[in-house]
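Engineer: okay, structure incoming, though there's no sequence with it:
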């Protein structure tokens, strides 16, 4: 299993983390992600592609597509970090599976390959 804690709100780092998860799931490997403080707002933004384009990121459209692909892949599951949701006051979770604490996420992924982005 491939697992990632998506922490950074920096769009290139978010792209990298999503790319790892989507690539693993597309190859038949379970992929799990926890969307934490910095990444939560961009992951939930309806206008993610436009925001990335404004900042000159050449991957703007593909970042939004990666987020949508992650949501559509059966073996790629993403949760919002419970502390990030509580701190931000977020109520809408978009295409995320739900809310999960970091300790529970770590238990869920067991001995998976884990990256923090």
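Structural biologist: It's in. All figures in this text were calculated on a predicted structure; none of them were measured in a lab.
Engineer: sketch out the low-pLDDT regions of this structure for me.
Structural biologist: Residue ranges of the chain with pLDDT under 70: 57.
Engineer: tell me where it has strands.
Structural biologist: Ranges of strands within the chain are 2-6, 31-35, 76-81, 99-100, 113-116, based on DSSP state E.
Engineer: return the most buried member of those.
Structural biologist: Highest mean neighbour count among those (mean count of other CB atoms under 10 Å): strand 31-35, with a mean of 27. The C-beta positions use only the backbone N, C-alpha and C, and glycine is treated the same way.
Engineer: ok, residue 53 touching residue 62?
Structural biologist: No. Under the criterion of CB atoms under 8 Å, residue 53 is not in contact with residue 62, lying 11.1 Å apart.
Engineer: which residues does the helix ranked longest in the chain contact?
Structural biologist: In the chain, taking DSSP state H as the definition, the longest helix is helix 11-26. Helix 11-26 is contacted from outside by 1-2, 4, 6, 8, 30-33, 39, 42-43, 51-52, 55, 57, 59, 62-63, 66-67, 69-70, 73-76, 78, 115, 117, using CB atoms under 8 Å, 6 or more residues apart in numbering.
Engineer: what do you get if the cut-off is 6 Å, keeping everything else the same?
Structural biologist: By CB atoms under 6 Å, 6 or more residues apart in numbering, the residues outside helix 11-26 that reach it are 2, 4, 6, 31, 33, 39, 42, 52, 57, 59, 63, 66, 69-70, 73, 75-76, 117.
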